[in-house]
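>>> Fold the following, please.
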Amino acid sequence: MNKRVVLIGFHNEKALGVRYLSVAARAHGYEPIVVFFKGFNSEVPEHATDTELKLLQDFIREKDPILVGLSAMSSLYFETLQKVNAAVRAATSAPVAWGGVLASLDPAVALQYADFVMRAEGEETLIDVLRAIETGGDIKSIDNIAYLNEDGSVHLNPIRPLVEDIDKFGHPPVNGKDMYLITNNKLTPGDPQVHAFTYELLASRGCPFSCTYCSAINLHRLYGSASKYVRFRSVDSVLSELNEAKANIPKLRVVHFWDEVFSNEPGWVDEFCARYKKEIGIPFRIWGHPMMVNEDLITKLVDAGLYQVVMGIQSGSERVRRDVFHRYEPQDRVIEATRVLSRCKVPHVFYDLMLLHAFESPEDLRQTFEMCLELEPPFELNIHGLNYLPGTDIVDMAIQAGYYTPEEMHSMMYSSLQEQYDRHWGPAASVYKQASTGNPWISLIYLTQFPELHDQLRAFADKLDDPATRKAVFALEVKMKKRQRLVHFINKVKLVLRIK
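Numbering: from 1, shown residues only. Below is the predicted model of the structure:
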């Protein structure tokens, strides 16, 4: 019998979700075919072209799968999901399933397009679905499945218990078989990540925090508060994957851990650091959190090869962090975390800020500016807007506060790719597109990453009502942005050429 299943990831050539599902399918005797549809680009959104959709249709017809799975990770790419779903429907009569964060948290929208939704972690669910298709079984009886009743209402099946030993899932193969990339109007066979300079992986699943703008807490709630949601792979499992990556990716220069927050478990960290330095020896990046940064941990990680930390601060206003984002770390803890990263000499430190949204006042922006002046250099800032994601707590908070009606929020969350890009990345870019309409506080905040400018910035902050001052602020940011691009280019060259 035909055992082929096509799994499609979007705007990400490394899409871990479909890679993990392919491992599960192959382990149970099925023939997974993974398609990475469109590469990632955070500067210019890449829309699906007619040529690319036609390539996908012809590919689906040729492979004739028993199931097509679409990885619906974010509403950011909903426009692409819709187009691909229509193209797949026109190419096959096989059932179409959606999975991923978006489908799990907003199954009603997903079921306008999919035959059924696989909610939450999908490895075991996928195998049950494939077996049901093979045997003529009832997909609607499977745990984690959502589907439409005859009256059009959404039916949600129970969520199966979490798998606590995530080593059971193995790890995605590097340079595995039956992988294809569709982008730039071409279909290219092979695993696209073998040509990359970075390798991305997860050493854990789950997040211990409850940020309102993030889906992690809502996914946790699917399982209930008693479940062990944060789970770590063994060091053996992680290093096995990395050794495979090292052997198969000739240009590999950086390892990127996508864990929500990198482990601070003492025993795990000690074993990881000792073995990573010896067996892998490649610079690596992690995500950090002010409440989980300590000197002992960071010292060990830097010695093992820690190259970059990205730590979310989101706002310099304690009110916004606490009452809006449910980030409860006090201001002094945030500042101290930056001092630790500086004392430990992490080579590259980035702090994320989420600014210019309905919950924020001009005073909150000023407080963010003042906090950034206290952050211990050296560091860089990643400044983003707030993109409302379906199923997250902040969506209901914004509606209840009267900032948006439910209809306005739905329209915004599922708007075009360009509109969502502009909302998420627009605040940082708007100054350069049209400085005369930019927000001077955003410019001042950006400029705090240059310590030599601090005295000048303080003087600017007291005169922002003056048009000449605002013009000077915008001009200074443009100048420093150009300088920073050159620095980034030089750092990238050094990394690629392995120059310290």
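>>> What about Pro390, how many residues nearby?
Pro390 is flanked by 24 other residues according to other Cβ atoms under 10 Å. All C-beta spots, glycine's among them, are computed from the backbone N, C-alpha and C.
>>> Hmm, Met409 and it touching each other?
No. Contact criterion Cβ atoms under 8 Å: Pro390 and Met409 do not qualify, at 9.2 Å.
>>> What helix or strand is His256 located in?
strand 254-257 (DSSP states H and E).
>>> Buried residues of the helix or strand that that strand is followed by, list them for me.
Sequence-wise, the next helix or strand downstream of strand 254-257 (DSSP H and E) is helix 266-279. For helix 266-279, burial by neighbour count (16 or more other Cβ atoms under 10 Å) applies to 268-269, 271-273, 275-276.
>>> now, which of those residues sits nearest Leu187?
Tyr276 (36.3 Å; Cβ to Cβ).
>>> Against Gly288, how distant is the closest residue in space to that closest one that isn't next to it in sequence?
When the adjacent residues along the chain are set aside, Tyr276 lies closest to Ala304, with 4.8 Å between them (Cβ to Cβ, 6 or more residues apart in numbering). Ala304 sits 15 Å away from Gly288, going by Cβ to Cβ, to the nearest Å.
>>> Please name the residues that touch Phe450.
Taking Cβ atoms under 8 Å, 6 or more residues apart in numbering, we find Phe450 in contact with Met480.
>>> nope, Ser443 is what I was after
431, 473-474, 476-477.
>>> Which of those scores worst on pLDDT?
Lowest pLDDT of the contacts of Ser443: Val431, 37.
>>> Show the end-to-end separation of stretch 313-324, please.
13 Å (Cα to Cα, to the nearest Å).
>>> How far does that stretch sit from its chain's centre?
Centroid separation for stretch 313-324 versus its chain: 21 Å, with Cα atoms, centre = their mean, to the nearest Å.
>>> Could you give me the buried positions within it?
Across stretch 313-324, burial judged by 16+ other Cβ under 10 Å covers 313-318, 320-321, 324.
>>> Then stretch 407-419?
409-410, 412-415, 417.
>>> Using TSV, lay out those residues together with distance to His171 and secondary structure.
Shown next, in TSV, are these (distance: Cβ to Cβ, whole Å; DSSP: H, G, I helix; E, B strand; the rest coil):
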residue	distance to His171	secondary structure
Met409	38	helix
His410	37	helix
Met412	37	helix
Met413	33	helix
Tyr414	33	coil
Ser415	36	coil
Leu417	31	helix
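>>> and these, which two are the farthest apart?
Met409 and Leu417 (18.0 Å).
>>> so where is the stretch 151-300 of the chain shaky, pLDDT-wise?
Applying pLDDT under 70 to the stretch 151-300 of the chain flags the ranges 226.
>>> hmm, try it at 80
225-227 (pLDDT under 80).
>>> ranges for the helices of it?
For the stretch 151-300 of the chain, applying DSSP state H, counting those that start in this stretch gives helices covering 216-223, 235-248, 266-279, 295-304.
>>> same check, this time on the stretch 301-450 of the chain
Taking DSSP H, counting those that start in this stretch, the helices of the stretch 301-450 of the chain run over residues 318-319, 331-343, 362-374, 393-400, 406-413, 417-433, 440-447.
>>> Which of the ones you listed has the highest mean neighbour count?
Mean neighbour count, computed with mean count of other Cβ atoms under 10 Å, is highest for helix 440-447 among the helices of the stretch 301-450 of the chain, reaching a mean of 24.
>>> Could the C-alpha coordinates of that helix be exported in PDB?
Provided in PDB are the C-alpha atoms of helix 440-447 (Å, rounded to 0.1, in the frame of the first residue of the first chain):
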ATOM      1  CA  PRO A 440      11.900  60.000  18.400                       C
ATOM      2  CA  TRP A 441      11.700  57.800  21.600                       C
ATOM      3  CA  ILE A 442      12.300  54.700  19.500                       C
ATOM      4  CA  SER A 443      15.300  56.400  17.900                       C
ATOM      5  CA  LEU A 444      16.700  57.400  21.300                       C
ATOM      6  CA  ILE A 445      16.100  53.800  22.700                       C
ATOM      7  CA  TYR A 446      18.000  52.400  19.700                       C
ATOM      8  CA  LEU A 447      20.900  54.700  20.200                       C
END
